[in-house]
Each structure stands twice: as structure tokens, then as C-alpha cells.
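structure for the following, please:
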Amino acid sequence: MEKEAVLLPKPLIEKLREYLPKTGFESIEEYLAYIIETVLPEEKGEFHWNKEDEEEIKKRLIDLGYME
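As a prediction, the model looks like this:
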């Protein structure tokens with residue numbers, strides 16, 4: 001699979017480095033790919049989230065350090 005670079009703020013990368021050993025993933029790239037694939041829909045089209053789904057996703061992103 002072809003890859004492209006994504007630039008992230010340094011403090012976020014540092015958080016990822018600290019958290020990575022707890023995830024079971026071998027690299028930040030693998031971990032971020034998993035997170036993105038989990039959050040994005042598999043099929044093209046509209047998101048069909050309800051308010052509870054949205055709140056759960058926000059909570060997970062906060063717990064992972066992506067949101068405050």
C-alpha cells in the first residue's frame with residue numbers, strides 16, 4: 001500500500017510515543033492507522049452516528065489525548 005506523510009503537532013507525537021507501549025502496536029503509524037480505520041466509516045456515504053456514538057467517540061479521543 002502506498003503511503004503519504006501526515007504532519008502532527010510534536011506534543012501529540014510525544015503523547016503517542018508514551019502511550020504506544022500500552023497499545024500492543026509496534027509503531028505509531030500502525031496505531032494511528034487502526035484509530036483512523038476505527039473512526040472512519042467503511043462504506044462511502046453519510047455517517048450514521050447517533051448522539052451516544054458521537055459522545056463515545058469524543059470520550060475515546062480525549063482518553064487517547066487527541067482532544068481536550
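
M67 against K59, yeah?
No: under the criterion of Cβ atoms under 8 Å, M67 is not in contact with K59, lying 9.2 Å apart. Heads up, the C-betas are built off the backbone N, CA and C, glycines and all.

R17 sits in which helix or strand?
Assessed by DSSP states H and E, R17 sits inside helix 10-19.

may I see the buried residues of that helix?
For helix 10-19, burial by neighbour count (16 or more other Cβ atoms under 10 Å) applies to L16.

and it, how far from the chain's centre?
Helix 10-19 sits 12 Å away from the centroid of its parent chain (Cα atoms, centre = their mean, to the nearest Å).

tabulate the CA atom coordinates of it in CSV.
This file holds the C-alpha atoms of helix 10-19, laid out as CSV (Å, rounded to 0.1, in the frame of the first residue of the first chain):
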residue,chain,number,x,y,z
LYS,A,10,5.1,17.5,18.3
PRO,A,11,3.3,17.3,21.7
LEU,A,12,0.8,14.9,20.2
ILE,A,13,3.6,12.7,18.8
GLU,A,14,5.2,12.7,22.3
LYS,A,15,1.9,11.5,23.8
LEU,A,16,1.7,8.8,21.2
ARG,A,17,5.2,7.6,22.0
GLU,A,18,4.5,7.5,25.7
TYR,A,19,1.2,5.6,25.2
